[in-house]
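# Give me a 3D structure for the following:
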Amino acid sequence: MPERFDYWGIPDIWGSPDILVYSIMFLAAIILLIRFYRKASLWWRLGRSEARWDQLHIRLGRLIKYAIIQTKVLRERYPGIMHIGLAWGFFVFYLGTALATIDSHFFKFLEGDIYLLYKLILDLFTVLFFVGAGMAAYRRYIERPRRLTFDRGFTISLVLIVVIVFTGLLIESTRLAIEKPEWAWWTPAGWILAQLWIATGASETALNGWHIGLWLFHLLLIAFTLITLPVGTLVHTLTGPINAFFSELKRPIGQLASIPEGENGDLLYARSLKELTWKQLLDGDACTECGRCQEACPAFASGTPLNPKELILNLREAMHRDGPGIIQGNGRSTELVGEWITEEVLWSCTTCGACVRECPVLIEHVDTIVDMRRYLVIEGQVDAELQDALANLGRYGNSFGKSPRARARWSRRIKPKLKDARNEPVDYLWFVGDYASFSSTLTEITKKTAQIFVKAGLDFGIMYEAENHSGNDARRVGEEGLFEMMVEKNTEVLNECQFERIVTTDPHTYNTLKNEYPQSENGNRKVYHYSELLNELIKSGQLELVNKLDYKVTYHDPCYLSRYNGIVDAPRQVIESTGCELIEMPRHGDKTFCCGAGGGRIWMEENPDITERPAEIRMREAGELSEVTTFVVACPKDVVMFQDALKTSGLEERMVVKDLIELVAEAVGEIEEDITSDEEEEEG
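Alright, predicted model coming up:
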């Protein structure tokens, strides 16, 4: 192997450039740290304190998973490959420089085959970078998807990093053109480019001049990038990994934090920047403006004012415009709600969690939205229908405003009479839920569920009039006090009952019983969604399916079942057990599209600006599956939302909406039919 150039790629005749390089890079690094500190100090000086330093090994793993490997970015093929090309190419470029520094000044290890492999990897990742850059340019300037933010900052940043990498390649190619080493093909891109230099017939002196000039230009570009990094569009390369590192670990995704208390014990409501936590403020600076949250948001797709990306960016703008003045005491306390983020935006959210699931840097949109909703609730800025539903919850324990004595009216003619879990021990306690108990659309389905449980010989009971709304929707509306009251009432009754497990047909109830109720007081008993229980009963042979159905069906994953709790296989296995052919919708599993009922939206007035309801969008999506005749759901609210959407979408002639239990009932065969008259069902 011929003698290499100086470590920095400079011919010996020029002398050692170490002092120049280290001086420039040290100065650039100091400026970067100072500028980034000024930005980052806003988070903890302005926001509330929040402990996010626990379980450092897990946090480090998240940093590697989401910031380096970038698993969430890769969930979308084209932008995933594009971003991996850019990010990994640039990362390996800097890693290669660091390794060369170590080799030159501390520990020499880049020799022989190791050196050749090192050169090959650098070259391949350089090519990968240019592939990513080309894809980025095509996507942003040719395809121009609406979810992206279009500004000059991105163009400048893209050009800057492309020029940095390209000048690095040019520097390598001029060196190869001068040295002409035997191992040159181990850097194929550099060697091909070197042939162009050789073809010009330039002298070695001229090539040395080009080499040194390119090297100086390259060095200054890197220094400029470091200096501008904290204030440019590339700042997310710092804030994104930091945000992933400090992401939530203590609470499951289905659990919201309680309202915090101030120093004097008063509850704090997120009215201004100071009531948000430092992590919520960091979310603003961490946003990459990729628009994945926007694309996944059912509220945005429906034409409501909510755009989760813009909400986070508005939070960032408010922080940087007004934050310094607030900290110094000469600025007013910015009213986030009403000034930067309107009531209409906050009430549009279905809390489906799609934005959180899609965000590549783990921004927690829903927590911030609910925190601001709590302020609206305490101020009484709630629409009339929602106010009525909350009042009914407080007075009657259900959102329908019905007497608690009517809660189990649907069970009158079920034989044998369903056990009262308050009075006799049962294996399964069935937490029926409001919609399954009171909605006239759903009571027949609820009866079928009970009959299937009886048919399977399940030892189960209900709490009759003592059951209250679980509180999931009340909490996501922002009525924390009402939620706590629901928890207290239900927990008191649950502790009076003797049971081994809880089962419910409602994913919203499932989520809150599993993730938000005090499990220690409940003996840490497992909570089942009925799809899980049905699957177990069928697999064990306890529930025999005698009829093979031949429907072509599609299945809608409820947000609170799939995205919040990861239950996607059980309902599908039940569907397959009935003999139906399952045809998946494009968006399924934890990438499901919300029906629009969550977060209390089912209780609220329809937004007048809406173009198409989420349930109608979803039904139209199902309608594009030409062979499907049955739209299967596993949530009481989904039955209500999609049966209505079926009518408005014009698909009534070719498709029906069925609850999962209805398929099972058909496959089971004869079950005891209920003959309760309509008059008997009415509340006296």
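# all strands of the stretch 301-450 of the chain, in order?
419-420, 428-430 (DSSP state E, counting those that start in this stretch).
# Just name the most buried of the ones you listed.
The highest mean neighbour count among the strands of the stretch 301-450 of the chain, using mean count of other CB atoms under 10 Å, belongs to strand 428-430: a mean of 25. All C-beta atoms are positioned from the backbone trio N, CA, C, and that covers glycine.
# counting contacts, what elements does it pack onto?
Strand 428-430 sits against helix 443-455, strand 460-462, strand 501-504, with contacts defined as 3 or more CB pairs under 8 Å, 6 or more residues apart in numbering; DSSP states H and E.
# chain center to that strand, what's the gap?
On the basis of CA atoms, centre = their mean, to the nearest Å, strand 428-430 sits 32 Å off its chain's mean C-alpha point.
# For the spatially most central residue of the chain, report the pLDDT, please.
The residue lying closest to the centre of the chain (CA atoms, centre = their mean) is residue 357, at 1.5 Å. Per-residue confidence (pLDDT) for residue 357: 95.
# Distance check, it against residue 251.
15 Å (CB to CB, to the nearest Å).
# Kindly list the main-chain dihedrals of residue 656?
phi -130, psi 150 (degrees, to the nearest 10).
# if we can go back for a sec, surely the residue nearest to the centre of the chain is in contact with residue 589?
No - using CB atoms under 8 Å, residue 357 is not in contact with residue 589, being 10.5 Å away.
# what's the overlap in contacts for these two?
Residues touching both residue 357 and residue 589 (CB atoms under 8 Å, 6 or more residues apart in numbering): none.
# just to revisit the earlier point, kindly present the helices and strands packed on strand 428-430 as JSON lines, with separate columns for mean pLDDT.
What follows is these, written out as JSON lines (pLDDT from 0 to 100):
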{"stretch": "helix 443-455", "mean pLDDT": "96"}
{"stretch": "strand 460-462", "mean pLDDT": "97"}
{"stretch": "strand 501-504", "mean pLDDT": "97"}
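# Take these and write them to TSV, including distance to residue 84 and mean neighbour count.
Converted to TSV, the helices and strands packed on strand 428-430 look like this (distance: least, CB to CB, whole Å; neighbours: other CB atoms under 10 Å):
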stretch	distance to residue 84	mean neighbour count
helix 443-455	46	20
strand 460-462	50	22
strand 501-504	41	22
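# wait, which of the ones you listed is closest to residue 381?
Nearest to residue 381 among those is strand 501-504 (31.8 Å), distances taken as CB to CB.
# I'd like the next helix or strand past that closest one.
Using DSSP states H and E, the helix or strand that follows strand 501-504 in sequence is helix 507-515.
# Listing partners with orientation, what would you give for the helix or strand following that next one?
Later in the chain than helix 507-515, the nearest helix or strand by DSSP H and E is strand 527-529. Applying DSSP bridges, strand 527-529 is found paired with strand 501-504 (parallel).
# what comes into contact with the partner strand?
By CB under 8 Å, 6+ apart, strand 501-504 touches 427-433, 460, 510, 513, 525-530, 533.
# Generate a PyMOL selection restricted to the buried entries among those residues.
Remark: buried members of the contacts of strand 501-504, expressed as a PyMOL selection using 16 or more other CB atoms under 10 Å:
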select buried, resi 428+429+430+431+432+433+460+510+513+527+528+529+530+533
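# With distance to residue 59 added, can I get the helices and strands packed on strand 428-430 in CSV?
Output for the helices and strands packed on strand 428-430, formatted as CSV (distance: least, CB to CB, whole Å):
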stretch, distance to residue 59
helix 443-455, 42
strand 460-462, 42
strand 501-504, 33
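# closest to residue 297 out of these?
Across the helices and strands packed on strand 428-430, residue 297 has its closest neighbour in strand 501-504 (27.1 Å, CB to CB).
# And the helices in the stretch 501-650 of the chain?
507-515, 530-540, 559-562, 569-577, 614-623, 636-648 (DSSP state H, counting those that start in this stretch).
# my bad, the stretch 351-500 of the chain
Using DSSP H, counting those that start in this stretch, the helices found in the stretch 351-500 of the chain span residues 354-358, 365-378, 384-396, 434-438, 443-455, 472-477, 480-496.
# Of those helices, which stretch is the most buried?
helix 472-477 comes out most buried of the helices of the stretch 351-500 of the chain by mean count of other CB under 10 Å, with a mean of 27.
# if you skip the residues just before and after it, what's nearest to residue 354?
In space, and not counting its chain neighbours, residue 354 is closest to residue 296: 3.9 Å by CB to CB, 6 or more residues apart in numbering.
# right, I mislabeled it, should have said residue 223
Nearest to residue 223 is residue 28, by CB to CB, 6+ apart, at 4.0 Å.
# what's the model's confidence in the strand or helix carrying the one you found, averaged?
Secondary-structure assignment from DSSP H and E places residue 28 in helix 18-46. Here helix 18-46 scores 92 as its mean pLDDT.
# residues contacting the residue nearest to residue 635 when sequence neighbours are not counted?
Among residues not flanking residue 635 along the chain, residue 558 sits closest, at 4.1 Å (CB to CB, 6+ apart). Residues near residue 558 by CB under 8 Å, 6+ apart: 507, 592, 595, 633-635, 638.
# mind checking how far residue 558 is from residue 487?
As judged by CB to CB, residue 558 and residue 487 stand 22 Å apart.
# Please, which helix or strand holds residue 661?
Using DSSP H and E, the element containing residue 661 is helix 660-668.
# now the helix or strand harbouring residue 93 and helix 18-46, what's the angle there?
Per DSSP H and E, residue 93 falls inside helix 77-105. Counting by axes from the mean of the first three to the mean of the last three CA atoms, to 10 degrees, helix 77-105 points 130 degrees away from the direction of helix 18-46.
# Which elements pack onto helix 77-105?
helix 112-138, helix 152-179.
# and if we set it to 6 Å?
Packing contacts for helix 77-105, counted by 3 or more CB pairs under 6 Å, 6 or more residues apart in numbering; DSSP states H and E, involve helix 112-138.
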